[in-house]
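Chemist: okay, sequence plus prediction incoming.
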Amino acid sequence: MTTSRTALLIADIGGYTEYMGSHRLTLAHAEVNTARMLESIVRAARGFDLVEIEGDGAFLARKAGSRAQDATLDDILRVAVAMHRAFHLEREYIVQNLCPCGGCRQARDLKLKFVAHVGDVATQSISGRSKLVGIDVILVHRLLKNSVGIPEYVLLTEDLYAADTPSLPDAVGQITPELEGIGSVHSYFLYVADLDG
């Protein structure tokens, strides 16, 4: 199995569990609303491949490296901003809908966060389906559980941040979570709106 340097990006809807759990009577609308928001996120991720929809999130990837078409940190941040905008436009459309059910009205409580990393990834095929595998895939997923104290952010691993530091806003926070089986992972986070000018 050969590996390739790959940019990994997860867009995760925050507040999803509470949202779905509190709307059992209007579950159909909550499910449709979530699907619409995820679809708008994926459409906005131009240049990245959708690896998988994971319940309340989209797992995306793009080859990273030195060629012009390969992903850079600027590309990742640009796509995160585009996905964030698309999510908020779709969420606002749902909230402004005339439907009075909780599944439509309370969509406004949903947030969008991102985790991005670059690492070595292999592709594994099982029963005709391709899947990305490797420790870096595990790492980016484990980083979803973190101590970042703001609701909408982009979390960047040090591997990604140090490899290609663009001009970032001054308000860059840092955390170093301890990930089971991996160890300490120094990471940086930014409020998504700060990237959107």
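Modeler: Right, received. Where do you want to start?

Chemist: what sits against V137?
Modeler: Applying C-beta atoms under 8 Å, 6 or more residues apart in numbering, we find V137 in contact with L8, G119, V121. To be clear about C-beta, it is placed using only N, CA and C from the backbone, and glycine gets the same treatment.

Chemist: mind running it again at 7 Å?
Modeler: Contact partners of V137, counting by C-beta atoms under 7 Å, 6 or more residues apart in numbering, are L8, V121.

Chemist: repeat that for F48.
Modeler: F48 is in contact with L9, L60, A61, R62, V79, counting by C-beta under 7 Å, 6+ apart.

Chemist: now it: how far from K63?
Modeler: Per C-beta to C-beta, to the nearest Å, F48 is found 10 Å from K63.

Chemist: tell me the one of the contacts of F48 nearest G15?
Modeler: Nearest to G15 among those is L9, at 19.9 Å by C-beta to C-beta.

Chemist: list the buried ones in the longest helix along the chain?
Modeler: Counting residues, the longest helix in the chain under DSSP state H turns out to be helix 73-96. For helix 73-96, burial by neighbour count (16 or more other C-beta atoms under 10 Å) applies to 73, 75-77, 79-88, 90-91, 94-95.

Chemist: from the contact counts, what lies against it?
Modeler: Judged by 3 or more C-beta pairs under 7 Å, 6 or more residues apart in numbering; DSSP states H and E, the packing partners of helix 73-96 are strand 3-14, helix 27-44, helix 102-105, strand 111-126, helix 192-195.

Chemist: of those, which is nearest D170?
Modeler: For those, proximity to D170 was assessed by C-beta to C-beta; helix 192-195 is nearest, at 8.7 Å.

Chemist: contacts for the closest one, please.
Modeler: By C-beta under 7 Å, 6+ apart, helix 192-195 touches L77, A80, V81, H84, E152, Y153, V154, P169, A171.
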